[in-house]
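In: here is a sequence with its predicted model. Questions after.
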Amino acid sequence: MSEIQEIVIIGGGISGLSTLAFLNKFGKKAILLEKQLEPGGVMRSKKTADHILDFGSNSAIEKNLAVRELIEFLELENEVMYASRASSKRYILKNNKLQGLKGPISIAFGGLFSWKAKFRVIKEIWIAPRMSQEDESVASFVERRLGREIVDYVFSPIISGIYAGRPEEISMKANYPKMTALEQNYGSIIKGAFGKMRESMKNKAPKEPKPSKNIFSFKNGMQQFAQSIANKYKEQIYFGAEVQKVEKYHNNYLITYRTNNETKTITSKYIISAAQAFVAKDYFSPLSQKLSLALDKIYYPPVAILNLIFNRSDIKQKLDSFGFLIPEKERKKFLGAIWSSVVFPNRTSTDKAAFTLFVGGTVNKSFVNNLEDSLAIAKAEFMQIMGISAQPLVENHKLWEKAIPQYNLEYPPIFDAIQEFEKEHPQIIISGNYYKGFATGDCIQNAKDNALKLSKLQ
Ligand SMILES: Cc1cc2nc3c(=O)[nH]c(=O)nc-3n(C[C@H](O)[C@H](O)[C@H](O)COP(=O)(O)OP(=O)(O)OC[C@H]3O[C@@H](n4cnc5c(N)ncnc54)[C@H](O)[C@@H]3O)c2cc1C
């Protein structure tokens, strides 16, 4: 006998779990099927007597009001930790040295950019906008408008630090539509930024509440977020339930899943798909080959997280920052390092310092062929940059073979194919970090929008 449910969510990462929470908030019940035996997807944290480590996402930004709304709804305000003041500074590696960045003055007058690059940025005002509306890579847009050095020492480290990607491959249209609009509407991004500022000063309309944009995590690491939702709605979650296929069944859908070596089915009116694209492509193949082919094209580069803890007394570098990012030109095995215990001081005891290194990404995707060697090289490079004289007290890693979906130049037609599928199947909602934004805040905003949409349907 097939179980009957009104709404089924597939996937218990933050996208699926926050959808479950918002659905409950809006008065709708749902069942969530999660393949693993624990919640969180790429949110993975480990707490021991001495330290707290994150093996996936490290923090998130309150980039929209839905994030705060969810935290308050879950009554987690006292569990949230905000990034320390000390971590407001950032470093970029240039010529194997850390260059500090804190505010526009250090960017304009610090040593990160040559004078030639600074003049080239000012020249942007006089550069004619591109006529073509075709998509282009971030590298192509930024080089055209601001010059190559800005690609190499701003966008290369940012894109590899945030997306584990390369500006040469990332789509401008999919990731920075506001910047392209400034060029199109004002003729220049600098003129556009000032124009927007003037318009918002003139606009006397009452100001909408704004998100804080603060960086946050939780006392026990990011997985605490997912775990708190799972604890609250434990009766609505089936762990160890791996969805295999979704088929049309009269006016509903039949979901087949494996659990404890058994095959079971649920008949459901609505489905929210929040598993990764490379999984959804399989379970949706009975419904749409076109969608499956599109999802199959989404590229997820591999990333390994390397957690290291050292004695503070063995570190020469002043610990006064969020961490550093590494431009591709610097040719290192890792993409950057978060100084985890500077950002969230409870990550280890005060006489020690915890760091999280990101290894691999699109730049170094072949590192997986030689994982142990690559991690050893990354550790040695990191120790050299930081002036660390003794081996770490704690060393742990986790490999994500398919880590972060790339909104690259191949992405826009994939987005169109997903939208087309949703039109053909209005009872199915595609969610997850490969659609409408991959950051934690985007996943939560999408979860709220989707839950609201479903709560209004009969
Ligand atoms: C290494 C790393 C670091 C990151 N750091 C940050 C950061 O610091 N800040 C930030 O904002 N974002 C960060 N992100 C991005 C952000 O954390 C993720 O995009 C977000 O957590 C993804 O959530 P999700 O629920 O969409 O997907 P996932 O977390 O991937 O969850 C998908 C879930 O679906 C389940 N599943 C898979 N197949 C099936 C199946 N057949 N049946 C049922 N369930 C299934 C999986 O087990 C998993 O639990 C990071 C991502 C990675 C990989």
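Out: Received it, and whenever you're ready, just let me know what you need. Because the structure is a prediction, the values reported are computed rather than measured.
In: kindly state the domain boundaries assigned to the protein.
Out: As given by automatic domain parsing, the domain ranges for the chain are 3-42+65-70+222-299+407-456, 114-201, 301-400.
In: pLDDT of the second one, averaged?
Out: Going back to what we said before, that points to domain 114-201. Averaging pLDDT along domain 114-201 yields 92.
In: got the end-to-end distance for it?
Out: 34 Å (Cα to Cα, to the nearest Å).
In: swap in the last one?
Out: Distance between the two ends of domain 301-400: 9 Å, counting by Cα to Cα.
In: can you confirm whether that domain lies near the ligand?
Out: Yes. Using Cβ under 6 Å from any ligand atom, domain 301-400 reaches the ligand at V303, I305, W400. Every C-beta, even on glycine, is put in place using the N, C-alpha and C of the backbone.
In: would JSON lines of those residues with neighbour count, pLDDT and secondary structure be doable?
Out: Formatted as JSON lines, the residues of domain 301-400 next to the ligand follow (neighbours: other Cβ atoms under 10 Å; pLDDT from 0 to 100; DSSP: H, G, I helix; E, B strand; the rest coil):
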{"residue": "V303", "neighbour count": "26", "pLDDT": "97", "secondary structure": "strand"}
{"residue": "I305", "neighbour count": "24", "pLDDT": "98", "secondary structure": "strand"}
{"residue": "W400", "neighbour count": "18", "pLDDT": "98", "secondary structure": "strand"}
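In: could you list which residues are in contact with the nearest residue in space to L409 that is not next to it in sequence?
Out: Leaving aside its chain neighbours, L409 sits nearest to S171 (5.1 Å; criterion: Cβ to Cβ, 6 or more residues apart in numbering). When contacts are counted by Cβ atoms under 8 Å, 6 or more residues apart in numbering, S171 touches D135, S137, V138, Y407, N408, L409, Y411, P412.
In: show me which pair in those residues is furthest apart.
Out: Farthest pair in the contacts of S171 (Cβ to Cβ) is V138 and P412. Separation: 13.7 Å.
In: more neighbours: which of those two?
Out: Neighbour totals were compared for V138 and P412, and V138 leads with 27 against 14 (other Cβ atoms under 10 Å).
In: wait, that one sits on I158?
Out: No. V138 is not in contact with I158 according to Cβ atoms under 8 Å; the separation is 9.2 Å.
In: list, one by one, the residues from this protein near the ligand.
Out: For the chain, the residues in contact with the ligand (Cβ under 6 Å from any ligand atom) are 10-16, 33-36, 41-43, 56-60, 242-243, 274-276, 279, 303, 305, 400, 403-404, 432-433, 438-440, 443.
In: number of nearby residues for the nearest residue to K25 once chain neighbours are set aside?
Out: Distances taken as Cβ to Cβ, 6+ apart place F73 nearest to K25, at 5.5 Å, with adjacent residues excluded. F73 has 15 neighbouring residues, counting by other Cβ under 10 Å.
In: next one: E124
Out: 17.
In: mind checking the SS state of it?
Out: Secondary structure, DSSP: H, G, I helix; E, B strand; the rest coil: E124 is helix.
In: how about the one 10 residues further on?
Out: Per three-state DSSP, the local secondary structure of E134 is coil.
In: do you know how far it is from A226?
Out: Distance, E134 to A226, by Cβ to Cβ, to the nearest Å: 39 Å.
In: these two - which one has more neighbours?
Out: Legend: neighbour count by other Cβ under 10 Å for E134 and A226, higher for A226 (24 against 8).
In: pLDDT value on that one, please?
Out: At A226, the pLDDT recorded in the model is 98.
In: now it: which helix or strand?
Out: Secondary-structure assignment from DSSP states H and E places A226 in helix 223-232.
In: list the buried residues in the next helix or strand after that helix.
Out: Scanning forward in sequence from helix 223-232 by DSSP H and E, the next helix or strand is strand 237-239. For strand 237-239, the buried set under the neighbour-count rule, 16 or more other Cβ atoms under 10 Å, comprises I237, Y238, F239.
In: cool, and stretch 35-45?
Out: Result for stretch 35-45 [16+ other Cβ under 10 Å]: buried residues K35, P39, G40, G41, V42, M43, R44, S45.
In: residues making contact with whichever helix or strand A376 is part of?
Out: Using DSSP H and E, A376 falls within helix 371-386. Contacts to helix 371-386, defined as Cβ under 8 Å, 6+ apart, come from residues 93, 96, 98, 304, 306, 308, 315-317, 324, 332-334, 337, 355, 357, 359-360, 364, 367-368, 388, 392, 395, 397, 399.
In: filter those down to just the ones in strands.
Out: Judged by DSSP state E, strands contain the following of these: 93, 98, 304, 306, 308, 324, 334, 337, 355, 357, 359-360, 395, 397, 399.
In: so where do the helices sit in the stretch 151-300 of the chain?
Out: With DSSP state H, counting those that start in this stretch, the ranges of helices along the stretch 151-300 of the chain come out as 156-163, 172-175, 177-186, 189-202, 223-232, 277-283, 289-296.
In: can you lay out the ones you listed as JSON lines showing distance to F344?
Out: Output for the helices of the stretch 151-300 of the chain, formatted as JSON lines (distance: least, Cβ to Cβ, whole Å):
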{"stretch": "helix 156-163", "distance to F344": "18"}
{"stretch": "helix 172-175", "distance to F344": "27"}
{"stretch": "helix 177-186", "distance to F344": "30"}
{"stretch": "helix 189-202", "distance to F344": "32"}
{"stretch": "helix 223-232", "distance to F344": "12"}
{"stretch": "helix 277-283", "distance to F344": "31"}
{"stretch": "helix 289-296", "distance to F344": "35"}
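In: so of those helices, which one's packed in deepest?
Out: Neighbour counts (mean count of other Cβ atoms under 10 Å) averaged over each of those peak at helix 156-163, with a mean of 24.
In: could you list the residues in contact with that one?
Out: 92-93, 138, 165-167, 170, 175, 325-329, 335-336, 358, 361-363, 404, 406-407, 438-439.
In: using CSV, list the CA coordinates for it.
Out: The C-alpha trace of helix 156-163 is given here as CSV (Å, rounded to 0.1, in the frame of the first residue of the first chain):
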residue,chain,number,x,y,z
SER,A,156,39.7,35.6,-9.1
PRO,A,157,40.0,35.2,-5.3
ILE,A,158,36.4,36.1,-4.7
ILE,A,159,35.0,33.7,-7.2
SER,A,160,37.2,30.9,-6.1
GLY,A,161,36.5,31.7,-2.4
ILE,A,162,32.7,31.9,-2.8
TYR,A,163,32.0,29.5,-5.7
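In: how close does the residue in the stretch 51-200 of the chain that the ligand sits nearest to get to T19?
Out: Evaluated by Cβ to the nearest ligand atom, the stretch 51-200 of the chain has S57 as its residue closest to the ligand, separated by 3.2 Å. As judged by Cβ to Cβ, S57 and T19 stand 17 Å apart.
In: which one's more surrounded, these two?
Out: T19 (29 against 24).
In: host element of the more buried one?
Out: helix 14-25.
In: out of everything not next to it in sequence, what's closest to K448?
Out: A66 (4.2 Å).
In: quick one, what contacts that neighbour?
Out: G441, I444, Q445, A447, K448.
In: and the pLDDT for it?
Out: 97.
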